[in-house]
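Colleague: predicted structure and sequence below. I'll ask about it afterward.
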Amino acid sequence: MNFTSTVWIRDGEFSLREVVSVPDAVAFLDDWPHDKRNPFFYLAENAMQAAINGSIPVDEARDAFESFCDEAGILAMPPGTA
């Protein structure tokens, strides 16, 4: 259940985290603070479950996760790009 392209997120002030698959995204979402969960979070969470069930393509779930990260302000550019 790997993504065709990695989602890079800021994980803390100075580090990047590479999310390469549905299980990676699920693990990240599981750790997301309850008080910061919003509709984008739940859309991403539901998309991951749908990908696991085979209801939607993995890369559609990836897009939902990337949208959540963008809305949360943690989406990052891949290392080495400007």
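Modeller: Sure, I can see it.

Colleague: just want the most central residue of this structure.
Modeller: residue 65 (3.5 Å; C-alpha atoms, centre = their mean).

Colleague: give me the element that one is part of.
Modeller: In the assignment (DSSP states H and E), residue 65 maps to helix 58-72.

Colleague: which of the residues in that helix are buried?
Modeller: 58, 61-66, 68-69, 72 (16 or more other C-beta atoms under 10 Å). (C-beta placed from N, C-alpha, C; glycine too.)

Colleague: which two among these are spaced furthest apart?
Modeller: 58 and 72 (20.9 Å; C-beta to C-beta).

Colleague: now the longest strand along the chain against helix 58-72, angle please.
Modeller: Scanning the chain for the longest strand, with DSSP state E as the assignment, gives strand 2-10. Counting by axes from the mean of the first three to the mean of the last three C-alpha atoms, to 10 degrees, strand 2-10 points 10 degrees away from the direction of helix 58-72.

Colleague: now the helix or strand just after strand 2-10: buried residues?
Modeller: For strand 2-10, the following helix or strand on the C-terminal side (DSSP H and E) is strand 16-21. Across strand 16-21, burial judged by 16+ other C-beta under 10 Å covers 17, 19, 21.

Colleague: show me the contacts for the first one.
Modeller: When the contact criterion is C-beta atoms under 8 Å, 6 or more residues apart in numbering, the partners of residue 17 are 8-11, 28.

Colleague: per-residue pLDDT, the residue lying closest to residue 20 once chain neighbours are set aside?
Modeller: Nearest non-adjacent residue to residue 20, counting by C-beta to C-beta, 6 or more residues apart in numbering: residue 6, 5.2 Å away. pLDDT, residue 6: 95.

Colleague: then residue 45?
Modeller: On the pLDDT scale, residue 45 gets 98.

Colleague: what do you get for residue 82?
Modeller: Looking at residue 82, its pLDDT is 60.
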